[in-house]
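Peer 1: sequence first, predicted coordinates after that:
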2 protein chains.
Amino acid sequence: MKSGKSGLYDDLKRQILTMELDPDEDLDEVSLSEKYGLSRTPVREIFRRLEGEGYVDIRANRGARVVPMNHSTLRHFFLVAPMIYAAIGRLAVQNFKAKQLSDLKDTQERFRIASTEGDTLAMVLENNRFHEIIGEMSGNVYLQPSLGRLLIDHARIGHTFFRPHNDDTRNRLQTAVQHHDGFISAIGAHDEDSVVDLVFEHWELSRENMEMFIAPQRMKADSPADVSSLLMEKSS
Amino acid sequence: MKSGKSGLYDDLKRQILTMELDPDEDLDEVSLSEKYGLSRTPVREIFRRLEGEGYVDIRANRGARVVPMNHSTLRHFFLVAPMIYAAIGRLAVQNFKAKQLSDLKDTQERFRIASTEGDTLAMVLENNRFHEIIGEMSGNVYLQPSLGRLLIDHARIGHTFFRPHNDDTRNRLQTAVQHHDGFISAIGAHDEDSVVDLVFEHWELSRENMEMFIAPQRMKADSPADVSSLLMEKSS
DNA sequence: TGTGTAAAAAATGTATACATATAAAATACA
DNA sequence: TGTATTTTATATGTATACATTTTTTACACA
């Protein structure tokens, strides 16, 4: 918990992604300003920035709270996530810069270390950062806002993925790590189709896990084929 | 130009969409606060909100400016706009509420009146609002941020569409008005495929116009078929 | 008890003074 | 002149006091 403005900003993002702050939880500007050695003005400004990025919800005269996650939003999440991920993946291959690919590799190494050490929080954050970087690689300022919001809830819904409890879940985590390696090499090789294939494989892996943990009522998510139908002129 | 906080907020959005404020134009918080009878604090807060919605760009210690539009962002715009519009259209059919459909009809009537009166500014704004409402109908909080950013630049790139200067451009504007009527009836009839067809027709009409006016170098945009390839696992 | 209202407390919103950083102008020097 | 450096002006960033709104508590009354 480093103090100062960027400290508060980073901490809030981290705490929201890792569910250290629960959805709907109120954020108190006075106590936060004291804790981080700031006045209320910059704290409120940070709230507004986080609102713009989808981390926080601000209601007039009622302050800020962690952005909620209800059943309805989850349905929408499962519907559009694979579409956006696939589009971002394809564009990333077309537009990435060398610097970004090396950032991606560094992030993957930190992710791998966290996975071997069983450091759940680090896994959540490095995995999130990994997919953020792919978003940046796409260079597409129109798609990135949606990707950002999806990644917030993906981290929150899927956090159990990084807390394996038996051989099956451990294997699934290992597969995810391998997928990331696959992304790195497919992007480096400018192989769009492989990246998109991997996107759907990676999505399926994550989706199955998320479905397992979403109680009480089972969430029927869309297969990649169904997702395509969102975009095709004629639905089958 | 109504004063107060919401007045400034609405005016800035309007002026940015209609290009009354040019891309890259600096926004001065002191003069705006004086003009609208506010102190700097709420003006700065509005800047942050507009930044979150993609209207404005804030650089540390350098204030706010209207979000730029460069050649690179335009390429990305043409690539993803039809995909997002189509997805939003399909979801709108699935999720719209009666109130939203009647709002859409009201907006369309104002749009029609503006088009017969040749009121360019009103056309830009009502057209923008029309498509915003379709975004709201989708109910998808993950897709809406991207739609919002696309609509900002669609309004800015396409504003000449609403300033017809010969029989051809007048006919094209008429066609756009008819497309809107088509959206309303297709949505009302829960006819997803018709809506998506209309999305692509409407997009083609607008795209052709935008290409005509984007100087100096011709912008090759993607056909709906190309757009689909962004999402398919195997590109053709 | 339960409900409605009034008072008090707490939180958010705004104005303003001051601090700091950036941009512009003026000056010095080659 | 042209360029570097200092000074000045301007703009942004932060702290704090005050205003307004919301929430909580206390109290009256049925």
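Peer 2: Sure, I can see it. Numbers count the residues shown, from 1 in each chain, chains lettered A, B, ... in the order given.

Peer 1: what is the mean pLDDT for the helix or strand that contains A:L198?
Peer 2: In this structure, A:L198 is located in helix A:192-213 according to DSSP states H and E. What helix A:192-213 shows for mean pLDDT is 94.

Peer 1: got the buried residues for that helix?
Peer 2: A:192, A:194-203, A:205-207, A:209-210 (16 or more other C-beta atoms under 10 Å in any protein chain shown). Just so you know, the C-beta spots here come from the backbone N, C-alpha and C atoms, and that holds for glycine as well.

Peer 1: which element is the most centrally placed residue in chain A on?
Peer 2: Centroid-nearest residue in chain A: A:L151, 2.3 Å away (criterion: C-alpha atoms, centre = their mean). Element membership of A:L151, judged by DSSP H and E, is helix A:144-157.

Peer 1: between that helix and helix B:144-157, how many degrees?
Peer 2: Going by axes from the mean of the first three to the mean of the last three C-alpha atoms, to 10 degrees, helix A:144-157 is angled at 180 degrees with respect to helix B:144-157.

Peer 1: need the next SSE after helix A:144-157, C-terminal direction.
Peer 2: Once helix A:144-157 ends, the next helix or strand along the chain (criterion: DSSP H and E) is helix A:167-188.

Peer 1: same question for that following helix, mean pLDDT?
Peer 2: Confidence for helix A:167-188, expressed as mean pLDDT, is 97.

Peer 1: kindly export it (C-alpha atoms) in CSV.
Peer 2: Only the C-alpha atoms of helix A:167-188 are listed here, as CSV (Å, rounded to 0.1, in the frame of the first residue of the first chain):
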residue,chain,number,x,y,z
ASP,A,167,-5.5,-32.5,-10.1
ASP,A,168,-8.0,-31.5,-12.7
THR,A,169,-8.0,-27.8,-11.7
ARG,A,170,-4.2,-27.9,-11.5
ASN,A,171,-4.0,-29.3,-15.0
ARG,A,172,-6.4,-26.7,-16.3
LEU,A,173,-4.2,-24.0,-14.8
GLN,A,174,-1.2,-25.5,-16.5
THR,A,175,-3.1,-25.6,-19.8
ALA,A,176,-3.8,-21.9,-19.4
VAL,A,177,-0.1,-21.1,-18.9
GLN,A,178,0.6,-23.1,-22.1
HIS,A,179,-2.1,-21.1,-23.9
HIS,A,180,-0.3,-17.9,-23.0
ASP,A,181,3.0,-19.3,-24.4
GLY,A,182,1.0,-20.2,-27.5
PHE,A,183,-0.3,-16.6,-27.8
ILE,A,184,3.3,-15.3,-27.6
SER,A,185,4.6,-17.5,-30.3
ALA,A,186,1.6,-17.2,-32.6
ILE,A,187,1.6,-13.4,-32.3
GLY,A,188,5.4,-13.4,-32.9
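
Peer 1: just to revisit the earlier point, which helices and strands sit right next to the helix holding A:L151?
Peer 2: Here helix A:144-157 touches helix A:5-17, helix A:71-95, helix A:120-138, helix A:192-213, helix B:144-157, going by 3 or more C-beta pairs under 8 Å, 6 or more residues apart in numbering or on different chains; DSSP states H and E.

Peer 1: confirm that A:H190 lies within a helix, as I assumed.
Peer 2: No. Counting by DSSP: H, G, I helix; E, B strand; the rest coil, one finds A:H190 to be coil, located in no helix.

Peer 1: how near is it to A:I133?
Peer 2: From A:H190 across to A:I133, the span is 17 Å (C-beta to C-beta, to the nearest Å).

Peer 1: quick check: pLDDT value at the residue of chain A found nearest DNA strand C.
Peer 2: Nearest residue of chain A to DNA strand C (C-beta to the nearest atom of the strand) works out as A:G63 at 2.4 Å. A:G63 carries a pLDDT value of 97.

Peer 1: so what pairs up with it in the strands?
Peer 2: The partner list for A:G63 in beta bridges (DSSP bridges) reads A:R59.

Peer 1: my guess is it contacts A:V30, does it?
Peer 2: No. Using C-beta atoms under 8 Å, A:G63 is not in contact with A:V30, being 10.0 Å away.

Peer 1: which residue of those two possesses the greater neighbour count?
Peer 2: A:G63 (16 against 10; other C-beta atoms under 10 Å in any protein chain shown).

Peer 1: quickly note the distance from that one to B:R48.
Peer 2: Here A:G63 is placed at a distance of 15 Å from B:R48 (C-beta to C-beta).

Peer 1: what of A:M210?
Peer 2: 32 Å.

Peer 1: Provide the backbone phi and psi angles at A:F96.
Peer 2: Backbone geometry at A:F96, expressed as degrees, to the nearest 10, gives phi -70, psi 150.

Peer 1: before we move on, the earlier item: and the residue of chain A closest to DNA strand C, how far from A:D26?
Peer 2: Noted for A:G63: a distance of 7 Å to A:D26, by C-beta to C-beta.

Peer 1: what residues does chain A have near DNA strand C?
Peer 2: By C-beta under 7 Å from any atom of the strand, the part of chain A that sits against DNA strand C consists of A:26, A:28-30, A:40-41, A:44, A:58, A:60-64.

Peer 1: of those residues - the most surrounded one?
Peer 2: For the residues of chain A next to DNA strand C, counting by other C-beta under 10 Å, the largest number of neighbours falls to A:A64: 24 neighbours.

Peer 1: let me see the contact set for that residue.
Peer 2: Going by C-beta atoms under 8 Å, 6 or more residues apart in numbering or on different chains, A:A64 touches A:D26, A:L27, A:E29, A:F47, A:L50, A:E51, A:V56, A:D57, A:I58.

Peer 1: any idea of the mean pLDDT in stretch A:13-20?
Peer 2: 98.

Peer 1: and that stretch, what's buried?
Peer 2: Across stretch A:13-20, burial judged by 16+ other C-beta under 10 Å covers A:K13, A:R14, A:Q15, A:I16, A:L17, A:T18, A:M19.
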